[in-house]
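Asks: pasting the sequence and the predicted model now:
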Amino acid sequence: MSTPILLQVESLSRSFGKFQALSDVSLEIPRGRLCALIGPNGAGKTTFYNVVSGRYRPTRGRVFFEGRDITGVPPHKLVKLGLLRSFQITNIFPALTVLENVLAPLAVMHGMSFAFWRSLSSQQKLVEEALTILERLGLAGQSHREVSTLAYGDKRLIEIAIVLACRPRLVLLDEPTAGMNPEETERMIRLIHELAAHSEITFFVTEHDMKVVFSVAQTIFVLNQGRLLAQGTPEEIRANPAVRQAYLGGSLDAERA
Amino acid sequence: MLSVRELHAYYGDSHVLQGVSLEVGSGEIVCLLGRNGAGKSTTLKGILGVVPPRSGGVFFNGVEITGRPVYESVRLGLALVPEDRRIFAGLSVQENLEVAALPARPGQKAWTLERIYDTFPLLSRLKHRKGGNLSGGEQQMLAIARALVGNPLLLLLDEPCEGLAPVIVEELGRVIADIKQEIPILLSEQNARFALTLSDRGYVIDKGVIRFEGTRRELLENREVQSRYLSV
Amino acid sequence: MRIRRAGSLWIVASTAFLAAAPFFLSTYWILILTEILTMSLFAMSFNLLFGYTGLLSFGQAGIFGAGGYLAVLSLLHGPSSLWGAFAAALAGSALISLVIGWFCVRRDEIYFAILTLGFGMMLFTVAHNWRSLTGGSDGLGGFTLPPLDLFVWRGSLADPRHFYFLVLAVALIGAILLYRMVNSPFGLMLRSIRENTQRLSFVGADVRAVRLCAFVVAGTLAGIAGVLFAFFNRIASPEMLHWAFSGKAVLMTILGGSGVLLGPAVGAAIFFVLEHVITAYTTNWMVFLGAILIVLVLAFPRGVLGSLLDLVQRYRGRPRS
Amino acid sequence: MEAFFANLLNGLSWGMLLFLISMGLTTVFGVMGVLNFAHGSLFMLGAYLCLQFVRWTGSFWIGLILGPPLVAALSVLIERFLLRPLYGRDVSLQLLLTFGLMLFLDDGVRLIWGAAYHVVNPPEVLSGSVALFSRSYPLYRLFLVILGPIVGIGLWAFFTYTLWGKLLRAAATDRQMAEIVGVRVPVLFTAVFAFGAWLAAVGGALAAPHQSVGPAMGERIIIESFIVVVIGGMGSFPGAFVGALVLGLLHSFGTTFFPQLQMALPYILLAVILLIRPRGLFGAES
Amino acid sequence: ADKPVKIGFAYIMSGPFATYGQFAKQGAELAIDELNAKGGILGRKVESFFEDTAGKPDVGIRVIRKHVFENGADVVMGLDSSGVAAAVAPVMMELKTPLLVTHAATPDVTGSKCNRYTFRVSLNINQNIAMASAIAADMKSKIWTTAGPDYSFGHQSWEYFQQYLARKKPDAVFLPQAEVAFSPAATTDFSSYITKIMNSKAEGVLISLWGGNLIDFVRQAADMGFFDGKRDILMTLGAATEVLYALKDKMPTGIWVGTRYWFLANDTPVNQAFVEAFSKRYNVYPSYNAHGAYAAVKAYAAAAEKVKSVEKEKIVEGLRGLSLELPVGKITIRPEDHQAITDGAWGVTAADPNYPIRILKPIRKFSGAEITPPVAETGCKMN
Ligand SMILES: Nc1ncnc2c1ncn2[C@@H]1O[C@H](COP(=O)(O)OP(=O)(O)OP(=O)(O)O)[C@@H](O)[C@H]1O
Ligand SMILES: Nc1ncnc2c1ncn2[C@@H]1O[C@H](COP(=O)(O)OP(=O)(O)OP(=O)(O)O)[C@@H](O)[C@H]1O
Ligand SMILES: [Mg+2]
Ligand SMILES: [Mg+2]
């Protein structure tokens, strides 16, 4: 294999009481490959993310990141390793400004969590880095607004900005374009492509917007009722009758139109 | 049925709605289109009074409801499905529906729990699960169902297909079309394509101002509006 | 920028006032000011946890009192040295807050509040029941304050004015320390924790360690304030460790404005002046204090100083940054 | 054995009194998210009003029945005019407001009834004692032991099974959304607050024949009820029940077995429980 | 025509123990009115200031300082809580103002913390316990336990009781610390303490609870059959009027109770006049705390007349060794430790149709000399 495996998941299961939200899911994500996870509502996508990102413990199975067993490793340690996630439900620091929302993770990354004798505003390097990220997302103009006053779509972008600030190697994006308009969605797709091409970041995306999925993903995994239903290139998935039946329905034709 | 006149609303100092006027007649689906941050949600919230408008008037079936408590407008027959769903996390699916149930008006075909479960078979399977544990899409279903059991005369739907799988969106389209037979709907959407397949008429809002108003055909045909305000 | 300049002007002016106060105020008012400053330091330490980190600690008095007891114990049983007493209290309260904090920072919100209350009350019980060491409910007094030795100048702390200057100096140092801290990357961590603890841990911050650090800093400052308090009253008493005393810090902080660094100081001043004025007229002063509190809460929801700053900002027509 | 049963009964009766008081606190917190510092003062007011009715009519039952509704009526005003402006604002403001209220009420009763201690006698049927395990045991305490669970189960069933209970829980999770589905939240909140106050006052009236009535009653009970509510799990009835029982038993057995630790015992219990179960015994994990 | 004489009082005027401040205020005002009616002190009117200590040491010190620096008090009086008194007494050396303690009973203020400016005109723990132990010595009980408040007052009462009784009755046995019943101040349910005592093998019980605690204890104990006559009971502050008024006929009869001042213990004209004036004015019989404040004012006036001055240092000299006749009897302020040698009385509770409350019958009186420990025992080193 030319591309080493970044994330490897081995027969992962998770149940809530009697309910089996994930059963026996195994998959591999090679470095640098854009992958997507799709599946009907309640298929277990978010649960899968929660388990991989250390928020939930799996009931069974293991997760390897760059060859290391990270099963049950707490989230903040995973971040140090370079495994990040965004949240389906917007999860940011509401009363802080846009800039501060990015500065906070940057300060963590630079090991300055405990730097209490330095003045924050004099940390030129930090601020510049933050502004660069905001620039990339088109938020630089709003850097001094409190994020709680932003529109929903912009809040979603903050979510991404926070993730980027953490210098990730693998990013799990949970419905990154939900709530965005087509233009912004377009920008998001471009952003993902651009980041994937020019940085060391590998993206793993869940989406219900098939346009995004098919234009972004090189490999698609389909989850259904907690099980891996199919995996393959977009063409293979599109052609897969089981997937069409369980998930896509007639929408593809609509998308093509 | 619903008529909104010159609505102005603020968040703190920011003037978010700058005189929005619109109408919804019985038996129609009217969509409110606009990119994000345009003020769609705020309009819907302003109609109900969740965000109290500073000036302007909202009339429902000829009665002015501006400035009334939210629950009064709801009891008069308005219902809102908020964009962030806001399911009661600690209550089971069934309980979520029970607390929202209001008696049907005479002559109305009542939305009973049975009818809800028939319409949304998914929910009937999840009856006893806690609302907070539902997946995003399941919650969206529940949010719509919860609005329906209030037996509204008019439904305000805020971006209902966000986060739904394509099959479910299709399904939802059918449900909305069904509901429309009985209940007029004001539908806020960014996804103009989805909205326009369902609606009879539409408004386009941008920066808190209604920029365009027209029938489905007019909206579909007006390239300028589409590119300027909807970025289609 | 203009707001900042006006703000610093105010701060310089009030510092000048405080420094000059002993030359024109009566002894009694100097004593009151001394108490206000002591409580300000205590409440500001509390505010680092509450206003900036979102942690409501009801056990702050426990550490405050422990500081006081440690200083008095070191005077009674150790060398009669002022700085020695401060050092003992500093080390002791840092250690105690480290231990208590280690348990408490694992919990949030009301659970944190009640847990700190529990630990504070355990310390209270120690002070109250270990009669051979702490003098039990009567407290630990009967020490003489060593003179203040500043190498160039030596003076007796029995003089209320000298004591006042000591307290003023310590309180100022504390305030400057806190100011630097809340405006540092560490301060940003604290505010991020207040806003969204879980999110911060998802970007790799060790939230517990940051909180623990804040807890220890706040505890140490509280301990120092406790020393000043015990020295001022010439006694360390169990009341200092009781949750009701933490309640005072909470009250002053919210009264003055919890999101603002100097809010607690303003709150402390209001509280003492109110108490002074009301008790002059009635023995039922709690009825009035209660009523005034209610009115203040309704009229100044962001605390007196907080609401005033908001007003100024609104007047200047600038958004909060 | 005999000593064991005596301690058991002592613990149970104190626990049940705590339970009655804590229920109101936990309801108000659970539904409205308001941590009511003045709850103890409402408890005290219940005792004072009972005392007043006993003075006027000589009947404890009249005091028990008529006193609490008056306290509830007062708290309707409190909710309507003092608390309501603070909803949606920082929780600490409610804390401060109810704290102010506590100062006001605690000192206020002194203006009306004076600072002296007062004594209320238990009603005729419940005075005296019964022989239990070769000891005499006060009837009134047994009455409390039996009353507690009855009230508790009633309330629990109310919250779990009735529509009202569900509405309350819905409003508790999302006040605004409850309004959007047509719940008359302001009225509901007023009712809940008044109900909590009524429970506190009932506790106060029931406590009056058991302890002296004085201005400090509320202050003494409030922290213990906080502890009960927290170790049980905020907003949980079964939690408050178990919490109160545990605290009551700890009190009675602790007196015998750990007299030196007496004062710290509730706090040690609290710390241990919260460190093992972060949300209390019956608290929902979040 | 001269400046008035200013007396600063510091009592608990708010919160749970506000009763005590109120009683004291009544006594003080009565005394001051009597003085002013006769032309004041050295021809100068007497003015009073009342401040609330809230029972907290820091507040106590603040209000004492306020009296001295702000109100310009010539003398300060009062203090209910031992903790407050212990905190305030040493500070008087800095304030150089005489302090007359009227209620707090801790031995320390005229013991290890005694100083030039601090005096006490009321009975302290030792004196009260000396009476208790004298009575206990005559009882048949050999094994003793205690029910007391779990703070210094309760513990000290018990310690002195053991010490004094052992002297008088060498074969007395005292239950170990783990078996006696000390209850925290906030206790309202005493059942487990009562059970604990009833389950112990003790035959005699020293009860040093007071105020609301004592009321709760007595009521609950009565219901639990504690007063069944099977044990000897001594209540050190059972004869306080606030307790008797609250309990009325719920106070069991036949129990030995003590207090700091009992209004029927003394039939001197001074006492009769005091009781009559007091009950006429306030409609209740005077409590010990009312008497304490009354006594302090009278003692101060006597000292001022003696040295013909209200100057603070002179007053201190005047108070030392002062003897005067008070309602409680003749007291002498011992110059060595500034503790008043004052007579005491204990008695057995009894019902009397002429009184709304239980009274003491018979009464056993003790002379001050007999119950006051020698100066050497107090640990006082006067400076
Ligand atoms: N904590 C929980 N307890 C019980 N059931 C849960 C819990 N979390 C999730 N579930 C259930 O597990 C299933 C999978 O949920 P998940 O959130 O992973 O779905 P999803 O694939 O992300 O769906 P969507 O696309 O709608 O967001 C759902 O049926 C959900 O109700
Ligand atoms: N709570 C709030 N406080 C302050 N400003 C707000 C708040 N909520 C929304 N806004 C602002 O109001 C404007 C309109 O927001 P609104 O939510 O109505 O937009 P929308 O059209 O629904 O957008 P979206 O498609 O993203 O949901 C936005 O600019 C947003 O920044
Ligand atoms: Mg999901
Ligand atoms: Mg919206």
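Replies: The structure has been received and is ready for your questions. Ligands and ions are numbered 1, 2, ... in the order given.
Asks: contacts and neighbour counts: CA atoms only from here.
Replies: OK.
Asks: how about stretch A:82-93, which residues are buried there?
Replies: Of the residues in stretch A:82-93, A:G82, A:L83, A:L84, A:R85, A:S86, A:F87, A:Q88, A:T90, A:N91, A:I92, A:F93 count as buried by neighbour count, 16 or more other Cα atoms under 10 Å in any protein chain shown.
Asks: in those residues, which has the lowest confidence score?
Replies: Taken together, those show their lowest pLDDT at A:Q88, with 64.
Asks: quick check: next helix or strand after the helix or strand harbouring E:A132?
Replies: E:A132 belongs to helix E:125-137 when assigned by DSSP states H and E. Downstream of helix E:125-137, the next assigned helix or strand under DSSP H and E is strand E:143-149.
Asks: that next one: partners in the sheet, and parallel or antiparallel?
Replies: strand E:173-174 (parallel), strand E:181-183 (parallel), strand E:204-207 (parallel) (DSSP bridges).
Asks: give me the angle between it and helix E:125-137.
Replies: 150 degrees (axes from the mean of the first three to the mean of the last three Cα atoms, to 10 degrees).
Asks: and strand E:143-149, how far out from the chain middle?
Replies: 20 Å (Cα atoms, centre = their mean, to the nearest Å).
Asks: hmm, whatever helix or strand comes next after it in reach of chain D?
Replies: Elements were assigned by DSSP H and E; along the chain past strand E:143-149, the next helix or strand is helix E:152-168. No. Helix E:152-168 is not in contact with chain D by Cα under 8 Å from any Cα of the partner chain; minimum separation 12.0 Å.
Asks: can you list contacts of helix E:152-168?
Replies: Contact with helix E:152-168 is made by C:136-138, E:82, E:105-106, E:125-126, E:129-130, E:132-134, E:136-137, E:146, E:148-149, E:172, E:174, E:182, E:206, E:208-209, as judged by Cα atoms under 8 Å, 6 or more residues apart in numbering or on different chains.
Asks: what's the mean pLDDT across that helix?
Replies: For helix E:152-168, the per-residue pLDDT averages 92.
Asks: how distant is it from the center of its chain?
Replies: With Cα atoms, centre = their mean, you get 17 Å for helix E:152-168.
Asks: relative to strand E:143-149, how tilted is that helix?
Replies: 160 degrees.
Asks: what are the ranges of the helices in the chain?
Replies: All of this is about chain A. A:45-52, A:75-81, A:98-109, A:124-137, A:152-165, A:182-198, A:210-216, A:234-239, A:241-243, A:251-256 (DSSP state H).
Asks: wrong chain, I was asking about chain C
Replies: Using DSSP H, helices in chain C cover C:2-20, C:27-47, C:60-77, C:82-104, C:109-129, C:131-134, C:160-182, C:185-202, C:207-233, C:243-256, C:263-279, C:285-299, C:304-316.
Asks: before we move on, back to that, so which of the strands paired with strand E:143-149 gets nearest E:G225?
Replies: In terms of Cα to Cα, the element of these nearest to E:G225 is strand E:204-207, at 14.5 Å.
Asks: okay, buried residues for the closest one please.
Replies: Buried residues in strand E:204-207, counted by 16+ other Cα under 10 Å: E:G204, E:V205, E:L206, E:I207.
Asks: give the other helices and strands that the helix or strand just after it contacts.
Replies: Next helix or strand after strand E:204-207 toward the C-terminus (DSSP H and E): helix E:211-223. Counting by 3 or more Cα pairs under 8 Å, 6 or more residues apart in numbering or on different chains; DSSP states H and E, the packing neighbours recorded for helix E:211-223 are helix E:191-199, helix E:241-247.
Asks: and for the shortest one, what's in contact with it?
Replies: Okay, so that is helix E:241-247. Contacts for helix E:241-247 (Cα under 8 Å, 6+ apart): D:116-119, E:210-212, E:214-215, E:219, E:238, E:251, E:285-288, E:356-358.
Asks: try 7 Å
Replies: Contact with helix E:241-247 is made by D:Y117, D:H118, D:V119, E:G211, E:I215, E:M251, E:S287, E:I357, E:R358, as judged by Cα atoms under 7 Å, 6 or more residues apart in numbering or on different chains.
Asks: ok, residues contacting the next helix or strand after it?
Replies: Downstream of helix E:241-247, the first helix or strand assigned by DSSP H and E is strand E:256-258. Contact with strand E:256-258 is made by E:I233, E:L234, E:M235, E:T236, E:L237, E:G238, E:A239, E:A345, E:W346, E:G347, E:V348, E:T349, as judged by Cα under 7 Å, 6+ apart.
Asks: rounded mean pLDDT for the helix or strand following strand E:256-258, please.
Replies: Once strand E:256-258 ends, the next helix or strand along the chain (criterion: DSSP H and E) is helix E:269-282. Average pLDDT, helix E:269-282: 93.
Asks: just checking, what packs against helix E:269-282?
Replies: Judged by 3 or more Cα pairs under 7 Å, 6 or more residues apart in numbering or on different chains; DSSP states H and E, helix E:269-282 has no packing partners among the helices and strands.
Asks: wait, D:G214 sits on D:Y117?
Replies: Yes. The criterion here is Cα atoms under 7 Å, and D:G214 meets it with D:Y117 at 5.0 Å.
Asks: hang on, the earlier thing: let me have the helices and strands packed on helix E:211-223 in TSV, adding mean neighbour count and distance to E:A299 as columns.
Replies: Compiled in TSV, the helices and strands packed on helix E:211-223 are given as follows (neighbours: other Cα atoms under 10 Å in any protein chain shown; distance: least, Cα to Cα, whole Å):
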stretch	mean neighbour count	distance to E:A299
helix E:191-199	22	41
helix E:241-247	23	23
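Asks: mind putting those into a markdown table with mean pLDDT?
Replies: Output for the helices and strands packed on helix E:211-223, formatted as a markdown table (pLDDT from 0 to 100):
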| stretch | mean pLDDT |
| --- | --- |
| helix E:191-199 | 89 |
| helix E:241-247 | 89 |
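Asks: tell me the secondary structure at B:R86.
Replies: In three-state terms, and counting by DSSP: H, G, I helix; E, B strand; the rest coil, B:R86 is coil.
Asks: secondary structure element holding the nearest residue to it once chain neighbours are set aside?
Replies: Nearest-residue entry for B:R86: D:M177, 6.7 Å, with adjacent residues in sequence omitted and distances by Cα to Cα, 6 or more residues apart in numbering or on different chains. D:M177 belongs to helix D:175-180 when elements are defined using DSSP H and E.
Asks: could you chop chain A up by domain?
Replies: Per automatic domain parsing, the structural domains of chain A span A:1-82+A:169-257, A:91-166.
Asks: as a markdown table, these with distance to chain E would be great.
Replies: What follows is those, written out as a markdown table (distance: least, Cα to the nearest Cα, whole Å):
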| stretch | distance to chain E |
| --- | --- |
| domain A:1-82+A:169-257 | 44 |
| domain A:91-166 | 34 |
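Asks: that concludes my questions; thank you for your assistance.
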